[in-house]
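Engineer: give me a model of this one.
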Amino acid sequence: MESADLLAQHGIDPACLESAPHPPARAQILARVQSPPPRSCVVCGDQAATARIVVFPDAGPRWTDWCWGHGMAIRPPCTLPATLEGIIAELRDAAREAGLPGPVDLAFYSSTGTAAVGRRNEEPR
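Structural biologist: I've put the predicted structure just below:
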């Protein structure tokens, strides 16, 4: 879910939120989360665990502080591959893009024992 959508769902007016820099520096976000006293979640009022800057078309960039639960609700979806085969394919693609030799031959082992068994004959033990 997008931050602005969650705020709208709870009837939070962006104009009531504190103005924020745009684009923010990571250090600014960390300083906001760590500064005493702890801030409250803009949705539920629980202690905030994270902060984000949301840019609204009419109100501009605004600070939003989020508790753990609401912060997880607005977290972008994970784009990592879900299978070992998908991970290996992405690693091979990255090796190819980086110009490493033999990316098609790259082998990945689930354990050192499996790696020892799968080792090529010419590879040292």
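Engineer: low-confidence ranges in the protein?
Structural biologist: 102-125 (pLDDT under 70).
Engineer: max-length helix in the chain?
Structural biologist: Identified as the longest helix of the chain according to DSSP state H is helix 84-97.
Engineer: what comes up buried for that helix?
Structural biologist: 92, 95 (16 or more other CB atoms under 10 Å). For the C-beta atoms, the positions are set from N, CA and C on the backbone; glycine is no exception.
Engineer: now it - C-alpha only, CSV.
Structural biologist: Extracted C-alpha coordinates of helix 84-97, given in CSV (Å, rounded to 0.1, in the frame of the first residue of the first chain):
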residue,chain,number,x,y,z
LEU,A,84,17.0,-20.7,-5.5
GLU,A,85,17.0,-21.0,-9.3
GLY,A,86,15.8,-17.4,-9.7
ILE,A,87,18.6,-16.2,-7.4
ILE,A,88,21.2,-18.1,-9.3
ALA,A,89,19.9,-16.7,-12.6
GLU,A,90,20.1,-13.2,-11.3
LEU,A,91,23.7,-13.8,-10.0
ARG,A,92,24.7,-15.2,-13.4
ASP,A,93,23.2,-12.1,-15.1
ALA,A,94,25.1,-9.9,-12.7
ALA,A,95,28.4,-11.8,-13.4
ARG,A,96,27.8,-11.5,-17.1
GLU,A,97,27.1,-7.7,-16.8
